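[1] after the sequence you'll find the predicted model.
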Amino acid sequence: MEKVSTVAHRKEIISSRLSIYYSNGSNDISSFAEDVKSGLTASNKYLLPKYFYDIKGSELFEKICLTPEYYVTKTEASIIKKYADEIAK
């Protein structure tokens with residue numbers, strides 16, 4: 001396992017397809033660890049999507065969600081609005 005350190009973050013290369021990036025802020029690391037632990041110990045396993053993208057990727061995804069061609073967000077919102085009471089039950 002190769003480890004690369006820089007001023008901004010530490011990168012741990014797990015394999016050719018997986019790397020883990022750690023920021024220097026200890027709060028970020030502990031929050032990430034807590035989020036991962038919570039998600040993987042839940043009965044329905046999950047990882048928060050906020051960890052799937054870096055800052056530029058997140059900004060790009062936000063812009064994509066606002067385009068008329070990207071209907072997923074609008075469709076999900078309309079389903080939730082229409083069926084909120086049934087979902088809550």
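    It's in.

[2] that's a strand at Ile14, yeah?
    Yes - under DSSP: H, G, I helix; E, B strand; the rest coil, Ile14 falls within a strand.

[3] mind checking how far it is from Leu40?
    16 Å (Cβ to Cβ, to the nearest Å). No exception for glycine: its C-beta is placed from N, CA and C like everyone else's.

[4] show me where this structure has its helices.
    26-41, 55-65, 72-88 (DSSP state H).

[5] ok now the longest one, how far from the chain's centre?
    The chain centre lies 22 Å from the centre of helix 72-88; the measure is Cα atoms, centre = their mean, to the nearest Å.

[6] Ile80: what's it in contact with?
    When contacts are counted by Cβ atoms under 8 Å, 6 or more residues apart in numbering, Ile80 touches Ile87.

[7] that should have said Ile20, apologies.
    11-12, 14.

[8] which one of those is nearest Ala84?
    For the contacts of Ile20, the minimum distance to Ala84 (Cβ to Cβ) is 40.4 Å, reached by Ile14.

[9] give me the pLDDT for that closest one.
    pLDDT recorded at Ile14 is 80.

[10] and if you look at Ala8?
    Confidence at Ala8, expressed as pLDDT, is 49.

[11] about what we covered before: quick one: the helices of the chain as a markdown table, columns for mean pLDDT too.
    Output for the helices of the chain, formatted as a markdown table (pLDDT from 0 to 100):
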| stretch | mean pLDDT |
| --- | --- |
| helix 26-41 | 79 |
| helix 55-65 | 85 |
| helix 72-88 | 88 |
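
[12] which of those sits closest to Leu18?
    helix 26-41 (13.8 Å).

[13] would CSV of the contacts of Ile20 with neighbour count and distance to Pro68 be doable?
    Output for the contacts of Ile20, formatted as CSV (neighbours: other Cβ atoms under 10 Å; distance: Cβ to Cβ, whole Å):
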residue, neighbour count, distance to Pro68
Lys11, 14, 37
Glu12, 14, 40
Ile14, 10, 39
